[in-house]
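Trainee: fold the following and give me the result.
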Amino acid sequence: MIKKHFLKEIEISGTQSRGAENSSKEVSKIQSWLNLYAFLNPSKGTSTGIDGDFGPATERAVKNYQKANGLTENGIVTQELFRKMADPMIKAFTQPVEGTGLRELVVNASKQHLVSGARELTIKGQGNRGPWVRAYMDGSEGKDLLWCMGFVQTILDQATSQIGGNFTNIVKRSFSCDTVAGEAQKRGSFIGYTLVRNRVYHVQPGDIFLLQSSTNSHDWVHTGIVVESNGDVFETIEGNTNADGSENGYGVLRRTRNFMKSKLDIIRID
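Mentor: The predicted structure follows:
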């Protein structure tokens, strides 16, 4: 893969515990994974503040995580324990994707991230943060960094690399929907929404959708991957969204979108 920042999110520099000389950065990573675990296991008591301080609250959250997983409850986070915490990301990025053809690999890679619970965290009042966001955005995060294109390009990278390809042959490497759309128009892989609505082009699983602004035909505000197309509806997997289909939501979701109502342009991936 070209996008390898995820490797920094699944390791810590050394054992961390209360009362020791800790790294605030590493403790924040531990606290982040405790909170991500809490979203999937809300009754286990692992949600805690993300402040880089390994205090009594973080220690209790670690012990609760250890208890939930049948481990010794000592509140100490070793490299081995941290990798267990980060296992959803390890599986999402490193587990071989099922399939052979590019389209099948793109769809299944996106599903692999979906079931891993990929989502952002709010840290110190700012959204668009946390290990998943940094993994998709090559280490960057912050309230103004929308990560939907980072997610799409990560999936393309994972799928193409499995068959010896390079995702930049499909799309320009960029986090900007506008930049990617403009380059796709130059390459001839861009399909306007009117061609989709009129069935001139039949969208296939693995294609990329770009949500066009309702007021500016040269502005695209969100993107994702089409996993199914039936009637007037796309089923998609997309990052940085929510139930309303926001371009600045909280996670990776499988959604339905009516392309007869929304202006959904397409980038053909082959």
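Trainee: what about the longest helix in the chain?
Mentor: As assigned by DSSP state H, the longest helix anywhere in the chain is helix 24-40.
Trainee: which residue ranges of the stretch 51-200 of the chain form strands?
Mentor: For the stretch 51-200 of the chain, applying DSSP state E, counting those that start in this stretch gives strands covering 121-123, 126-129, 190-191.
Trainee: want to try a markdown table for those strands, with mean neighbour count as columns?
Mentor: To be clear about C-beta, it is placed using only N, CA and C from the backbone, and glycine gets the same treatment. Output for the strands of the stretch 51-200 of the chain, formatted as a markdown table (neighbours: other Cβ atoms under 10 Å):
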| stretch | mean neighbour count |
| --- | --- |
| strand 121-123 | 19 |
| strand 126-129 | 20 |
| strand 190-191 | 21 |
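Trainee: just send these back as TSV, with mean pLDDT and distance to residue 7 too.
Mentor: Putting the strands of the stretch 51-200 of the chain into TSV (pLDDT from 0 to 100; distance: least, Cβ to Cβ, whole Å) gives the following:
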stretch	mean pLDDT	distance to residue 7
strand 121-123	97	19
strand 126-129	98	19
strand 190-191	98	33
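Trainee: quick check, central residue of the protein?
Mentor: Nearest to the geometric centre of the chain sits residue 151, at 4.6 Å (Cα atoms, centre = their mean).
Trainee: these two touch, right, that residue and residue 236?
Mentor: No - Residue 151 is beyond contact range of residue 236, at 11.4 Å (criterion: Cβ atoms under 8 Å).
Trainee: shared neighbours of those two, anything?
Mentor: The contact sets of residue 151 and residue 236 overlap at residue 224 (Cβ atoms under 8 Å, 6 or more residues apart in numbering).
Trainee: name the nearest residue to residue 218, ignoring sequence neighbours.
Mentor: Nearest residue to residue 218, sequence neighbours excluded (Cβ to Cβ, 6 or more residues apart in numbering): residue 178, at 7.3 Å.
Trainee: for the longest helix of the chain, which residues meet the burial criterion?
Mentor: Judged by neighbour count (16 or more other Cβ atoms under 10 Å), helix 24-40 contains these buried residues: 26-38.
Trainee: now do it: everything it contacts.
Mentor: 9, 12-14, 16, 44-54, 58, 61-62, 65, 77, 82, 85-86, 88, 117, 119, 121, 123, 130-132.
Trainee: avg pLDDT for that helix?
Mentor: Average pLDDT, helix 24-40: 98.
Trainee: ok, stretch 250-257 next?
Mentor: Across stretch 250-257, the average pLDDT comes to 98.
Trainee: before we move on, the earlier item: out of the contacts of helix 24-40, which end up buried?
Mentor: Going by neighbour count (16+ other Cβ under 10 Å), the contacts of helix 24-40 have 9, 12, 16, 44-48, 50, 52, 54, 58, 61-62, 65, 77, 82, 85-86, 88, 117, 119, 121, 123, 130-132 buried.
Trainee: helices - which of those residues land there?
Mentor: Short answer: the buried ones among the contacts of helix 24-40 in helices (DSSP H) are 9, 58, 61, 62, 65, 82, 85, 88, 131, 132.
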